[in-house]
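In: Predicted model and sequence follow; I will ask about them next.
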Amino acid sequence: MATTTAPTRVRKKDNGTPGNGGEFDRDTRTDATISLSAPRAGGNTAEEADARRAALRGSGFVPAIAGGLVTGAEKNSETWWNTAAVRAEYSGDDRAGYAQLPEDFSARNKENGYRGNRRLSRRKYTAPGGVEVTMPSVNTIKAFARVNDYETVDIPISATTPNGDVQGWVRVTKNGPGQWTVSGLGMDPKVNSYVSETVNALLEARTVSGAFAGIDDIRQSRVDRFSKIGVAMTSVEGAPMVLSAVGYNAASKMLAMKLGSRITGYEATREEFDQLRTNSKPGAVFQRLFKSKKEGVSLAECPKCNRYSGNLDEHRCPPQHKAATRKQTKPRRTLAGLLR
């Protein structure tokens with residue numbers, strides 16, 4: 001099943017004919033043919049497809065979905081890109097969305113897709129722990145982020161992981177020099193942890209060949225990264241003035257306490273943190289578990305995120321995406337018509 005849209009009006013000079021004081025002509029360029037069979041072949045039912053159509057008509061928005069690999073998609077680029085198109089997020093004209101990497105993107109020409117131009121080549125990246133990710137090249141993704149002024153963007157992807165295979169989209173944001181945030185859209189969390197961390201490591205690496213150096217399991221890379229975001233402090237109800245706030249980072253196993261005017265960190269288990277946080281006499285818990293048994297380190301506050309870390313040089317602010325600001329373009333409206 002294929003869907004086409006009615007021609008839109010364009011200026012004559014943009015259509016290869018002489019202009020005449022702002023006179024408009026019909027856009028004769030054809031849109032790519034997209035098949036609705038892709039999501040159903042990937043495991044989505046007709047009822048689910050109908051629900052997406054109804055949501056788009058009713059609220060002007062449908063979120064991205066993720067599903068299994070469609071038969072033939074890994075080898076057939078047309079099937080792969082068509083599947084990506086129907087699983088993307090769509091929003092109406094009155095709602096902001098995110099730029100989506102199109103199949104014919106070119107940093108030189110800033111093409112934005114689905115007009116039958118050449119398709120981007122896809123690259124397969126292998127990560128430790130049994131993960132293979134297929135997507136446009138790392139350089140292409142970085143170029144797409146750059147031409148979109150480093151706003152948050154969506155990238156099509158497919159992957160095989162120890163917890164199953166998937167095809168869909170990841171949301172990508174550059175948060176600072178050498179720091180990226182990657183989140184799978186609509187993916188099972190057990191699969192997403194492999195996929196998003198693999199893409200994150202590739203984007204942050206100085207070279208693709210060195211992205212996984214020293215890593216035996218890509219999930220360990222995620223733990224190491226989150227250990228650097230420091231500790232957020234919260235007040236302790238009923239605590240004595242000398243111990244007024246605590247916080248905990250499970251990745252680094254760092255427990256932070258506000259003791260008087262100083263923030264001190266201790267290596268601790270989650271259970272020890274829970275005792276300190278929930279006990280009616282937190283001061284007594286501190287005396288018993290920490291004061292005489294563990295050596296504390298001085299923590300400093302990050303001026304950007306207000307979290308506390310023992311080494312601000314290695315500290316990284318928590319990963320986050322930016323708010324959607326992009327109005328929907330014609331190619332995205334064309335594809336959204338597939339769900340109407």
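Out: Nice, I can see it. Residues are numbered from 1 along each chain as shown.

In: in the sheet, who's paired with residue 154?
Out: residue 100, residue 171 (DSSP bridges).

In: Pretty sure residue 154 is one of the things residue 84 touches, is it not?
Out: No. At 9.7 Å, residue 84 does not count as touching residue 154 under the criterion of C-beta atoms under 8 Å. Just so you know, the C-beta spots here come from the backbone N, C-alpha and C atoms, and that holds for glycine as well.

In: Who has more neighbours out of these two?
Out: Using other C-beta atoms under 10 Å as the criterion, residue 84 and residue 154 rank with residue 84 on top: 27 against 22.

In: In contact with that one, which residues?
Out: Contact partners of residue 84, counting by C-beta atoms under 8 Å, 6 or more residues apart in numbering, are 103, 156, 167-169.

In: what sits in contact with each of residue 84 and residue 154?
Out: Here residue 84 and residue 154 have residue 169 as joint contacts, going by C-beta under 8 Å, 6+ apart.

In: give me the element residue 284 is part of.
Out: Per DSSP states H and E: residue 284 is located in helix 282-286.

In: C-terminal to that helix, what's the next element?
Out: Using DSSP H and E, the helix or strand that follows helix 282-286 in sequence is strand 297-298.

In: Parallel or antiparallel, which strands does the very next helix or strand once past that next one pair with?
Out: Where DSSP H and E defines the elements, the next helix or strand beyond strand 297-298 is strand 300-301. Strand 300-301 pairs in its sheet with strand 308-309 (antiparallel), by DSSP bridges.

In: Need the residues that contact the partner strand.
Out: Applying C-beta under 8 Å, 6+ apart, the contact partners of strand 308-309 are 228-233, 247, 256, 263, 265, 299-302, 315.

In: Please work out the average pLDDT along that strand.
Out: If you average the pLDDT over strand 308-309, you get 94.

In: ok, now stretch 258-274?
Out: Mean predicted confidence for stretch 258-274 is 90.

In: So which residues of the stretch 201-340 of the chain form strands?
Out: In the stretch 201-340 of the chain, the strands defined using DSSP state E, counting those that start in this stretch lie at 234-235, 243-249, 254-259, 262-267, 297-298, 300-301, 308-309.

In: Run through the helices of the protein in chain order.
Out: Under the criterion DSSP state H, the chain contains helices at 37-41, 46-59, 77-86, 138-147, 189-204, 218-226, 270-278, 282-286, 330-336.

In: any idea of the mean pLDDT for the first one?
Out: So that's helix 37-41. Averaging pLDDT along helix 37-41 gives 38.

In: Ok, the second one next?
Out: Rounded to a whole number, the mean pLDDT of helix 46-59 is 74.

In: same check, this time on the fourth one
Out: When pLDDT is averaged along helix 138-147, the result is 94.

In: Would you mind listing the buried residues in it?
Out: For helix 138-147, the neighbour count (16 or more other C-beta atoms under 10 Å) marks 138, 140-141, 143-145 as buried.

In: Can you pull out the residues in contact with that helix?
Out: Residues from elsewhere that reach helix 138-147 (C-beta under 8 Å, 6+ apart): 99, 101, 105, 107, 110, 120, 123, 135-136, 151, 153, 155, 172, 174, 202-203, 208.

In: can you list the domains in this structure?
Out: Domain segmentation of the chain under automatic domain parsing yields 1-31, 45-226, 234-309.

In: Name the stretch among the ones you listed that sits most buried.
Out: Among the domains of the chain, domain 45-226 has the highest mean neighbour count (mean count of other C-beta atoms under 10 Å), at a mean of 18.

In: now it: how far from the chain's centre is it?
Out: Computed by C-alpha atoms, centre = their mean, to the nearest Å, the chain-centroid distance of domain 45-226 equals 8 Å.

In: same question, stretch 295-303
Out: Remark: stretch 295-303 is offset 30 Å from the chain centroid, using C-alpha atoms, centre = their mean.

In: Stretch 306-317 too?
Out: The chain centre lies 22 Å from the centre of stretch 306-317; the measure is C-alpha atoms, centre = their mean.

In: how long is that stretch from one end to the other?
Out: Stretch 306-317 has an end-to-end distance of 9 Å (C-alpha to C-alpha, to the nearest Å).

In: do the same with stretch 144-157
Out: Using C-alpha to C-alpha, the end-to-end distance of stretch 144-157 comes out at 15 Å.

In: what do you get for stretch 272-284?
Out: Taking C-alpha to C-alpha, the first and last residues of stretch 272-284 lie 13 Å apart.
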